[in-house]
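# build me a model:
(one chain, ligands or ions: 2)
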Amino acid sequence: MSAKTIIEAMYRGRTLVFGHRGASAYAPMNTIPAFELARKQGADGIELDVHRSKDGHVVVLHDFSVDGTTNGVGDISQMTLAQLKSLDAGAWFHPSFANTHIPTLEEVFLAVGRHLFINIEIKSRKIESDGLEGLVANLIHTYGMKERVIVSSFNPHVLMRFRGLYEGVPLGYLTAPDELFPKPDSFSFEAHHPYQGILDEAHVAKYKTEAPFINTWTVNEPTRAVELAKMGVNGLITDKPDEILRAIGR
Ligand code: G3P
Ligand code: CA
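Ligands and ions are numbered 1, 2, ... in the order given. Coordinates of the predicted model:
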């Protein structure tokens, strides 16, 4: 199946709601409790961020270092999975989440992969590869997730390499007002993933000429969610799946 056929089957004409880093308004971002809560709230999917550990595992964390959301210090790329797993990734959010650990992508697939679509954002600031695309492609294949994922990145070089490695997986091109990488000419993708604040009717129309789907982030205001859905945005990525589902009548 082509990537376009797969993504069309995911949406079936509905506006999908993705928990941004899980239901991250209520649980520590990018952890299994946040993903399970998104599922419990009725989200169609989740968005998460991945990096490569020093010893070649795909780990789920937003920042390039562990400093902001764990009790440790250091760059993810310089830490082994065992070092990363020894950290507490929940207590910073609330003491009730103490002893929550950084998950691997594999663990997320096992926990919620049969129930939720997964928008995997590959974090990368460099044009050169650290091998992360290949590791993610292998996991998607091993866990039979090809028809349940969108692979997204702000870095078009990552997405172009990913397409070469594993054709048929829908790709989402992330953009923000301060985006780092310009769009190369020969780059094709199934979904635009713009920052929600810039979207209006004209942007939606332009983006739809470039890719059939638009998933926007981060939509936490119910009235804005309704506006965006009316404009024809296909996916709303939110920290509060419960509120946004209610707002759009789902
Ligand atoms: O994927 C949408 C959004 O998560 C991109 O920005 O910084 O939250 O990863 P950021
Ligand atoms: Ca993200």
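
# in the chain, where is pLDDT below threshold?
Along the chain, no part satisfies pLDDT under 70.

# and the helices in it?
3-11, 32-41, 81-85, 105-112, 132-142, 156-165, 201-210, 222-231, 241-247 (DSSP state H).

# and the shortest one, what does it pack onto?
For helix 81-85, the packing partners by 3 or more Cβ pairs under 8 Å, 6 or more residues apart in numbering; DSSP states H and E come out as none at all, with no helix or strand in contact. Where you see a C-beta, it was placed from the backbone N, CA and C, and this is true even at glycine.

# and it, which residues are buried?
Neighbour counts using 16 or more other Cβ atoms under 10 Å place 81, 83-85 of helix 81-85 among the buried residues.

# and those as CSV, adding distance to ligand 2?
What follows is the buried residues of helix 81-85, written out as CSV (distance: Cβ to the ion, whole Å):
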residue, distance to ligand 2
Leu81, 21
Gln83, 23
Leu84, 18
Lys85, 21
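
# make CSV from these and add distance to Lys146 to it.
Shown next, in CSV, are the buried residues of helix 81-85 (distance: Cβ to Cβ, whole Å):
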residue, distance to Lys146
Leu81, 25
Gln83, 31
Leu84, 27
Lys85, 27
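
# related to what we said a few turns ago, for the helices of the chain, give me CSV that also has distance to Asp67.
What follows is the helices of the chain, written out as CSV (distance: least, Cβ to Cβ, whole Å):
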stretch, distance to Asp67
helix 3-11, 35
helix 32-41, 19
helix 81-85, 13
helix 105-112, 21
helix 132-142, 20
helix 156-165, 23
helix 201-210, 35
helix 222-231, 31
helix 241-247, 27
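
# ok, back up a step: ok, and of the buried residues of helix 81-85, which contact ligand 1?
For ligand 1, no contacts are drawn from the buried residues of helix 81-85 by Cβ under 6 Å from any ligand atom.

# and of those residues, the nearest to Arg161?
Leu81 (23.1 Å; Cβ to Cβ).

# so the closest one sits right up against Val58, yeah?
No - with contacts counted by Cβ atoms under 8 Å, Leu81 stays clear of Val58, the gap being 9.6 Å.

# joint contacts of the two?
Thr104 (Cβ atoms under 8 Å, 6 or more residues apart in numbering).

# kindly provide the distance from Ala9 to Val151.
Going from Ala9 to Val151 by Cβ to Cβ, to the nearest Å gives 16 Å.

# what does Gly68 give?
Remark: distance between Gly68 and Val151 (Cβ to Cβ) = 24 Å.

# so between these two, which is more surrounded?
Val151 (26 against 11; other Cβ atoms under 10 Å).

# who are the contact partners of the more buried one?
120, 122, 136, 140, 159, 162, 169-172.
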